[in-house]
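In: Take this sequence and fold it.
(one chain, ligands or ions: 2)
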Amino acid sequence: MRLSRYFLPVMKDTPAEAQIVSHRLMLRAGLIRQMSSGIYAWLPLGHKVLQKISAIVSDEMAKAGAVELLMPTLQSADLWRESGRYDAYGEEMLRITDRHDRDMLFGPTNEEMITDIVRQELKSYKDLPLNLFHIQWKFRDEIRPRFGVMRGREFLMKDAYSFDLDFDASRLAYNKMFVAYLRMFDRMGLQAIPMRADTGPIGGDLSHEFIVLADTGESEVFLHKGLVEEPVPTEIDYEGDLTSIINSKTNRYAATDEIHDAAKFEAEVDEADRVTARGIEVGHIFHFGTKYSEPMNAKVQGPNGELIPLQMGSYGVGISRLLGAIVEASHDDDGIIWPEAVAPYQVGLISLRPKDETVSAACDDAYAKLTALGVDTLYDDRDERPGAKFATMDLIGLPWQMTIGPKGIEKGVVELKRRATGEKQELPLDKALELIAG
Ligand code: ATP
Ligand code: MG
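Out: Ligands and ions are numbered 1, 2, ... in the order given. Next up, the predicted model:
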């Protein structure tokens, strides 16, 4: 992509309304703009990161056996009356009336809708297990939207729903999601620690939050130091036994302020191993059994012909919140440092003298070769001062910067910079391409 034809409105000054670094950087790097309180437009660069994160989440969900669909944002209030949550949900639910005076709502989550879909189609225990997910905008009329996309009113969520015949099968579905979450956050360059959690208004008896440690996080967390260093297994056999992975992540103390038990923390964890920190909730998984299937009459025929209510779980990931969490975890004074897997472009190509024909020809050649190698490149071909170009590239945080100017061309080299370390080297174009394409 040529920057001269792109839309990248960067800001030099620190926006006054942003209290935390990720919000400041997301505004400055031209990723988002606020349209009204807690509601954001995703500008091209931000949209690209959103898509990268969504793709990783979808991929890991599919590997764990979940199947993607897409449900609407607007829902009928009647469904929520069936489950009893229409009144229980309170002020956070955005309620809408259509022209025929029918009560509608902008979905804050989709348990009722997915239960409605499957109850009409699932007939027999032979149709199970089933796990369906979608990535869709949610609306929650948060009393205090803040920190940019971290606590928005409109936000993008991945939500999955599992359906099983009995508790053991449902527990297995939960464990698969647990492990898929470890994998997906790890791929995004994040360390997310699973913690026992309250089940809140969704209800149920088994729940974990996945928390990214960050000083600006909204939750206070208490955990065993060892959990911070625990590696994530790279190869996972979802048909195999997942309990050892789950145990290594859950048999040491880890809890958020909501569920934290000080006496238990002190009894279980040596003083030297105790970590008290702040964190961002990026995912939340629940097992809630028949909480929705009973009142909504979602049943299948068991092996002996009897009708059995479905055992369910739900599994959320805050896709738009993840951008904020990743930026909190990965930045420096100059700007964002995107982990490779979620970076909007892999390389920023900087032309030092776009008006000079030789330089332009060398840059166009490098751009064509990068593109041919499948390396997504943002090519700064604008007629701008080099200093401003470097500052923009550092701010938007692409993993590599390649700079081409008249001096380098004379020596037969380009300059390659690694954004994460600041390390620079001069080398011939073909060597640079080898390094980047790795
Ligand atoms: P929180 O405790 O932060 O309010 P929650 O427990 O209400 O979140 P869930 O119902 O568990 O949220 O939703 C699943 C995921 O959606 C959360 O783990 C979080 O990552 C994301 N999420 C929830 N609310 C918001 C919001 N207002 N803005 C952005 N992401 C959100
Ligand atoms: Mg939650």
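In: tally of neighbours for the residue in the stretch 51-200 of the chain that ligand 1 sits nearest to?
Out: Closest residue of the stretch 51-200 of the chain to ligand 1, Cβ to the nearest ligand atom: Phe155 (3.6 Å). (Glycine included, C-beta is placed from N, CA and C.) Counted by other Cβ atoms under 10 Å, the residues lying close to Phe155 total 22.
In: What of Lys126?
Out: Neighbours of Lys126 under the rule other Cβ under 10 Å: 10.
In: is the residue of the stretch 51-200 of the chain closest to ligand 1 in a bridge, and if so with what?
Out: With DSSP bridges applied, Phe155 shows beta-bridge pairing to Lys138.
In: Would you check how far apart it and Ala214 are?
Out: 18 Å (Cβ to Cβ, to the nearest Å).
In: and His47, that one's in a strand?
Out: No. Secondary structure of His47 (DSSP: H, G, I helix; E, B strand; the rest coil): helix, not part of a strand.
In: list the contacts for the residue of the stretch 251-400 of the chain found nearest ligand 1?
Out: Nearest to ligand 1 in the stretch 251-400 of the chain, going by Cβ to the nearest ligand atom, is Gly318, at a distance of 2.2 Å. Applying Cβ atoms under 8 Å, 6 or more residues apart in numbering, one finds that Gly318 lies in contact with 155-157, 281-283.
In: for ligand 1, what are the nearby residues on the stretch 201-350 of the chain?
Out: Within the stretch 201-350 of the chain, the positions adjacent to ligand 1 are 281-284, 316, 318, 320-321 by Cβ under 6 Å from any ligand atom.
In: My read is that the residue of the stretch 51-200 of the chain closest to ligand 1 contacts Ser320, right?
Out: Yes. Counting by Cβ atoms under 8 Å, Phe155 touches Ser320, with 4.6 Å between them.
In: Spell out which residues are contacts of both of those two.
Out: Listed as contacting both Phe155 and Ser320 by Cβ under 8 Å, 6+ apart are Val149.
In: ok, then the element right after the one helix or strand Phe185 maps to?
Out: Per DSSP states H and E, Phe185 falls inside helix 167-187. Sequence-wise, the next helix or strand downstream of helix 167-187 (DSSP H and E) is strand 192-196.
In: report the angle between the axes of that following strand and helix 167-187?
Out: Strand 192-196 runs at 150 degrees relative to helix 167-187, counting by axes from the mean of the first three to the mean of the last three Cα atoms, to 10 degrees.
In: Pull the residues that contact strand 192-196.
Out: Strand 192-196 is contacted by residues 178, 181-182, 185, 207-213, 221, 223, 227-228, 249-250, 254-256, 259, 279, 282-283 when judged by Cβ under 8 Å, 6+ apart.
In: Inside helices: which ones of the residues you listed?
Out: The members of the contacts of strand 192-196 that map onto helices under DSSP state H are 178, 181-182, 185, 227-228, 249-250.
In: Please list only the buried members of those residues.
Out: 178, 181-182, 185, 227, 249-250 (16 or more other Cβ atoms under 10 Å).
In: ok, of these, which one's closest to Ile32?
Out: Phe185 (21.4 Å; Cβ to Cβ).
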